[in-house]
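In: got a predicted model here, sequence first, then my questions.
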Amino acid sequence: MEKRPGVFSGKVGLTFLTPALFFVAIFLILPFFWIFYLSFTNRTLTGVTAANPQFVGLENYQRLFDFDQWMRYGQFGNALKITFQFVLGSALLGQAVVGLTVAWAFYRRKGLLRETVFTLAVLAWIIPEVVVAFAWSAFLDVDRGTLNTILSAVGLGQPDWLFDYPLLTIIIFNTWRGSAFSILLFSSALETIPPSYVETADVVGASAWRKFRDIIFPLMRGHILTDLILITLWTFNVFTPFLLTGGGPTFRTELVSIYTYRTAFKFFEFGRGGAIAVVMMLINFMLAMGYLIALRRQKAVS
Amino acid sequence: MAKIQLENITKKFGELTAVNDVSLEVSDGEFVALLGPSGCGKTTTLRLIAGLEVPNEGRILIGDKEVTKLPPRERDIAMVFQDYALYPHMTLLDNIGYPLKVRGVAKPDMTARVTEVATELQIGDLLERRPGQVSGGQQQRASVARALVHQAQVFLFDEPLSNLDAKLRLEARAFLKHLQQEVGVTAVYVTHDQAEAMALADRIAVMNYGRVMQLGHPLDVYRRPANTFVAAFIGSPPMNLLPCEVDINAGKILFEGDRVLDIASYRERWGGVLKNGRDITLGVRPENIAISSTEVPGSIPSRVYVIQPLGGEWLVVTQVGGELVSVRLFQDEAPELSENVWLKFDLDRTFLYDKNGDLLQ
Amino acid sequence: MRNYESTFSKLLLVLFSLACMAFFALPLLWLLTAPFTPMTTLSVEIPDNPTLDNFRTVFKNEFAIRALFRNNLIIAGGAMLSVAAVATLASYGLSRTRIVGRDILVYVLMLFSSVVGGTAAMVPLFLLAYHLKLIDTHVGVILVMTGGLLPAAIFMMRDFVDSIPRSYEEAALVCGAGPFRIFRDIAFPLVRPGVAVVAIWAFVNAWGAFLIPVVMLRSPENMPASVALYSFYSEAGTPVHTLVSAYAFLYGLPVLVLYLLVNWRFGFRFFGGIKS
């Protein structure tokens, strides 16, 4: 088919876009450049440097990358390391895999099982974060919590999850919290695959795993990359674990988002907070570019 | 009603030239079909007339008004889409009445007019339903009704029957023909179905690669294709096209494998056209060939390759050298498979095309 | 559909479903029983004599109730309306106009929003709101949240809009309708399921938001429920389990109801799996 131009002229399109452009300009682009500017100053909330911030060049960045210090608890390098583990565990291994598995298990099925699983997953995703954090701290309670009650009943002991395995716990927590997005995205992606493709494989007697590997996975590669971009970016910047652990114990779950919060709002060092944000933006940007290039290559193949 | 004029229209999509220097005039009240394979530029031509695309070059006039760059609403046209484009969230009443609603016609007047048109098209009792609740044929009528509801100057049809099954398509075709004869609208009709174009149109424009290959009365286009493209596109099966060589002095046409057709007596008729040449193509329709089991003067030998009974007739495919020649036989008995037969072309209805594929005349 | 399937694989599916249900439901189970227990502990137990006393006590906390039934509704409702409206218009504009590199544009916006939605951006957003005199106003919170949620909303909306056949609008153009009329009569009614998904998503996000309101709001009477939950903590900073769970229950309930409603009416799903 010939490539169709737009239904409307650019001018009309722009009119539809105007409100969005307004929001984007004021509440996205402007803050971004503001952060960029702040990162080169010693701006604080109170005191002399609040009214008259001074240009300090790269000082804020140098302090972030002070390599003698930075891998210690409570320092930027440590936060970065924890964040990467967190993203790898809860976004890539957690949410994406859970999402794919659940979506594929319920591919072309309807009924109560599917509805219940989907509804529960979505609930975990949409219930307010403070409620979720509160419910989880009750769930993980050493003596009376639901999890340990079950574990001790089958003789698996009663670990103090938030103290013994803090990072693993928030990884599982975030997988629980965010999987619904991937489940929904992958199931509607699966719906776009013509049933005949899978039926052809059924006819030759392919197993569920083979069908997934040989037919479904190649067709979904684009969707999987899109999903990975989104959940990676979101997980990188997620703040909810703070409500569960406060970043502790002893900074062992201090994600960069929590580190930023501590710097910017506990110590009110806006300049340093800005520098962290710029570095985060760069990391996010590189990740997104990596995915986008992979997506391009994937498109070129198919 | 008004006439439509396209003057040297060119439309490009990036590198692709979809419509290439097309000029076409549709007279007041005339029904013209644009016919061609997919990607030939027929739909783009229609969309240019509708104002859904703007040409890169050339002018478009509807009536005496130039509309080249005007948006659709200022052209006073009506259009029926291939997928009908009936809105699933509106009843048929609101769908058909939409052009009136947009033009600010009051609700009671709109309802009256819609009911009138819908009744005429025998969907008057379905107006409260939504498109999803009526059959494909009824949807098709509703989309025609929406086009008829306001008296537009020009009607545009974009493959309006291609989504119907074979039986409904025949019904709808007859119905459109009736409508056309009754209302006498100026219409441009895009189709890839030659039977549809033949049946409906006053004139057919056969298109390929963005150009009009032939424009004429349906029977002229069928009987006297202006080039090998039209010859091969129109007719089912299409015209037989055989590469050959003309030896004018000997009064012979030479085919591959030393087969010779004596045309001495036709030197007169083909007169100036017929000259010595290689790379000539001979075209003859399957129904203009006679088969005999013995050699007759002016015939060429061949061998029966496939026989297909078609009920009232036979379609016999024979082999002439490496070429296949289709023959339609209107008789009770067909030859045997692999039998050697002689083909005699009706030379009055046999055409020669030059190496560019254009008719020698 | 899969009637030839073996009993074994059916059993496998049931087991898998049960595992999923346990995974997603167990952490929330306590929230269902605790609010109705007179003296709650952290263990899940079906109360012998269920009570509504905890809710009565919660309703006496004026601050928390105003937070939930006034402030939260204003913030979430406002963000929902503005995100849905702006995102629908924008994705329609993007879908129906040829803009070079529009897909990249949406990705870049997503990138911005994921960072600007994060903690770091609270500083400039706070300063921005300060200069615009929006500190301690619900409008400020709504505007900031709209800005942050918009790119993802446009991203989700895009495929819904792209799925409307072009011929619908072309037919309307031929009928004589202008772009805004087509949006109102044709496009908007057709993308309503998408609008519903985006609207509920924006509502839920704003309803549960914690960080932005904490940074942007000052006075207790403007605070949303996410902040007010902490008013049920004792002065030593430990939660009063009965009351916190009852309040959390009330706070979470609308989200559940809204989801079930939209899911029943439109089906809560993405369109075509959000194509890249």
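Out: Right, received. Where do you want to start?

In: and residue B:127, how far from chain A?
Out: As judged by Cβ to the nearest Cβ, to the nearest Å, residue B:127 and chain A stand 28 Å apart. In this view, the C-beta of every residue, glycine as well, is placed from N, C-alpha and C.

In: tell me which helix or strand in the chain has the weakest average pLDDT.
Out: Looking at chain A here, since you left the chain open. Of all helical and strand segments in chain A, the minimum by mean pLDDT, DSSP states H and E falls on helix A:48-51, at a mean of 68.

In: sorry, I should have been clearer: chain C.
Out: helix C:102-116 (a mean of 72).

In: would you mind listing the buried residues in the following helix or strand past that helix?
Out: The first helix or strand that comes after helix C:102-116 along the chain, using DSSP states H and E, is helix C:122-131. If you call a residue buried by 16 or more other Cβ atoms under 10 Å in any protein chain shown, then helix C:122-131 has these buried ones: C:122-129.

In: do the same with stretch B:216-228
Out: Buried-residue list, stretch B:216-228, by 16+ other Cβ under 10 Å: B:216, B:218, B:221-222, B:224-228.

In: same question for stretch B:132-139.
Out: B:134, B:137-139.

In: equivalent analysis for stretch C:82-100, please.
Out: For stretch C:82-100, the neighbour count (16+ other Cβ under 10 Å) marks C:82-97, C:99 as buried.

In: could you do stretch B:204-216 as well?
Out: Applying 16+ other Cβ under 10 Å to stretch B:204-216 flags B:204-208, B:210-216 as buried.

In: so what's residue 295 up against?
Out: In the absence of a named chain, chain A is used. Contacts for residue A:295 were tallied using Cβ atoms under 8 Å, 6 or more residues apart in numbering or on different chains; they are A:222, A:225-226, A:229, C:276.

In: actually it's chain B I care about, not the one you picked
Out: If you count contacts by Cβ under 8 Å, 6+ apart, then residue B:295 has B:301, B:342 around it.

In: go again with 6 Å.
Out: Going by Cβ atoms under 6 Å, 6 or more residues apart in numbering or on different chains, residue B:295 touches residue B:342.

In: so it: helix, strand or coil?
Out: At residue B:295 the chain is in coil, as set by DSSP: H, G, I helix; E, B strand; the rest coil.

In: what about it, distance to residue B:344?
Out: 10 Å (Cβ to Cβ, to the nearest Å).

In: out of the buried residues of stretch B:132-139, the closest to chain C would be?
Out: The closest of these to chain C turns out to be residue B:139 (Cβ to the nearest Cβ; 12.7 Å).

In: could you check how far the most far-flung residue of chain B relative to its centre is from residue B:149?
Out: In chain B, the residue that sits farthest from the middle, by Cα atoms, centre = their mean, is residue B:108; the gap is 41.0 Å. Per Cβ to Cβ, residue B:108 is found 15 Å from residue B:149.

In: next secondary structure after the helix or strand containing residue A:180?
Out: Assigned by DSSP H and E, residue A:180 belongs to helix A:166-191. Later in the chain than helix A:166-191, the nearest helix or strand by DSSP H and E is helix A:195-203.

In: for that next one, buried residues please.
Out: A:198, A:201-202.

In: ok, stretch B:179-190 next?
Out: B:179-180, B:185-190.

In: stretch B:329-337 too?
Out: Residues of stretch B:329-337 classed as buried by neighbour count (16+ other Cβ under 10 Å): B:329, B:334-335.

In: redo these as JSON lines? Include distance to chain C and secondary structure.
Out: Shown next, in JSON lines, are these (distance: Cβ to the nearest Cβ, whole Å; DSSP: H, G, I helix; E, B strand; the rest coil):
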{"residue": "B:329", "distance to chain C": "45", "secondary structure": "strand"}
{"residue": "B:334", "distance to chain C": "47", "secondary structure": "coil"}
{"residue": "B:335", "distance to chain C": "50", "secondary structure": "coil"}
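
In: and the residues you listed, which is closest to residue A:28?
Out: Within those, proximity to residue A:28 (Cβ to Cβ) peaks at residue B:329, which comes in at 76.0 Å.

In: thank you kindly, that will do.
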